[in-house]
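Novice: sharing a sequence plus its predicted fold:
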Amino acid sequence: MAHVYRAAIEQILQNMPTAEREKLLAAFRQAMDNAIDQHAYLLPTAADCSACHARKL
């Protein structure tokens, strides 16, 4: 299904005026950056992993 969404988005982007496309892509990049930052915050750090694995030994 992802290929269907990708094809649709590519077609939309090709048919948008440049200014609108740039605004949309900037908003998308910002949303992706925020989502990545939030997800990365939830992941354990290397120190967390080392501490956990050290307790199991």
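Specialist: Arrived safely.
Novice: element containing the residue nearest the centre of the chain, please.
Specialist: Centroid-nearest residue in the chain: residue 32, 3.7 Å away (criterion: Cα atoms, centre = their mean). Using DSSP states H and E, residue 32 falls within helix 18-42.
Novice: low-confidence stretches in this protein?
Specialist: Low-confidence segments of the chain, defined by pLDDT under 70: 40-41, 56-57.
Novice: could you check how many residues crowd around residue 13?
Specialist: Residues contacting residue 13 under the criterion other Cβ atoms under 10 Å number 12. Where C-beta positions appear, they are placed from N, C-alpha and C, glycine not excepted.
Novice: verify the stated contact: it with residue 20.
Specialist: No. Counting by Cβ atoms under 8 Å, residue 13 does not reach residue 20; the two are 9.5 Å apart.
Novice: one step back: chain center to the next helix or strand along the chain from the helix holding residue 32: distance?
Specialist: Where DSSP H and E defines the elements, the next helix or strand beyond helix 18-42 is helix 46-56. Mean-position distance between helix 46-56 and its chain equals 27 Å (Cα atoms, centre = their mean, to the nearest Å).
Novice: next one: stretch 33-42
Specialist: 8 Å.
Novice: and what of stretch 39-47?
Specialist: 16 Å.
Novice: just the CA trace of that stretch, in CSV.
Specialist: Only the C-alpha atoms of stretch 39-47 are listed here, as CSV (Å, rounded to 0.1, in the frame of the first residue of the first chain):
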residue,chain,number,x,y,z
HIS,A,39,11.0,8.8,19.3
ALA,A,40,14.7,9.1,19.8
TYR,A,41,14.0,10.5,23.3
LEU,A,42,12.2,7.3,24.1
LEU,A,43,15.0,5.0,23.1
PRO,A,44,17.5,4.0,25.7
THR,A,45,21.0,5.5,25.7
ALA,A,46,24.1,3.5,25.4
ALA,A,47,24.7,4.0,29.1
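Novice: for the helix holding residue 32, packing partners?
Specialist: Secondary-structure packing of helix 18-42 (3 or more Cβ pairs under 8 Å, 6 or more residues apart in numbering; DSSP states H and E): helix 2-15.
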